[in-house]
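Asks: what's the 3D shape of this:
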Amino acid sequence: MGHIHACLEQTLYCGNMICTAPTSECCATSATLTCIPPAQLCNGNSFDCDGPEDCPATQTCCGGGTGSTCNQLNGGGCQGGRAPLCHTLDDCPKSDGGFAACCPSPQGGHIRFCSKNPCA
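Replies: Have a look, this model is predicted:
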């Protein structure tokens, strides 16, 4: 699979394309990475964000192997086995009990996640 990473505020690199929120998201399938409108069904994993800069101030970017979305920061953090996504440790929410590191994704690419433990 290709690389997914953000460059500028509310942009997400998707292979060799750049998706711009909120009008597009990155759809990752086993064969392709492409920008699609959010209302279009992604037959793979949808990535709406890869860090807090892609979300409104009251939200954080939560992600995992199945994609990412902006979620409300209401003290509960990310749900369903997802973690806050980051570029550096400073991107990790301060209100979620503290994080020790911003670690690379086990799936590779440029996606990184906030971890309560040092990176393996």
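Asks: centroid-nearest residue for this protein?
Replies: The centroid of the chain falls nearest to D50 when counting by CA atoms, centre = their mean (2.9 Å).
Asks: H110 is in contact with that one, correct?
Replies: Yes. Counting by CB atoms under 8 Å, a contact exists between D50 and H110, whose distance comes to 7.2 Å. For the C-beta atoms, the positions are set from N, CA and C on the backbone; glycine is no exception.
Asks: so how far is C103 from P118?
Replies: Note on P118: its distance to C103, by CB to CB, to the nearest Å, is 8 Å.
Asks: between those two, which one's more packed in?
Replies: Taking neighbours as other CB atoms under 10 Å, P118 and C103 compare with C103 leading, 18 against 8.
Asks: just give the nearest non-adjacent residue to the more buried one, would you?
Replies: With CB to CB, 6 or more residues apart in numbering as the criterion, C103 has its nearest non-adjacent residue at 3.8 Å, and that residue is C119.
Asks: is it correct that S68 is in contact with D50?
Replies: Yes. S68 is in contact with D50 according to CB under 8 Å; the separation is 6.5 Å.
Asks: overlap of the contact sets of the two?
Replies: Counting by CB atoms under 8 Å, 6 or more residues apart in numbering, the shared contacts of S68 and D50 are 61, 85, 111.
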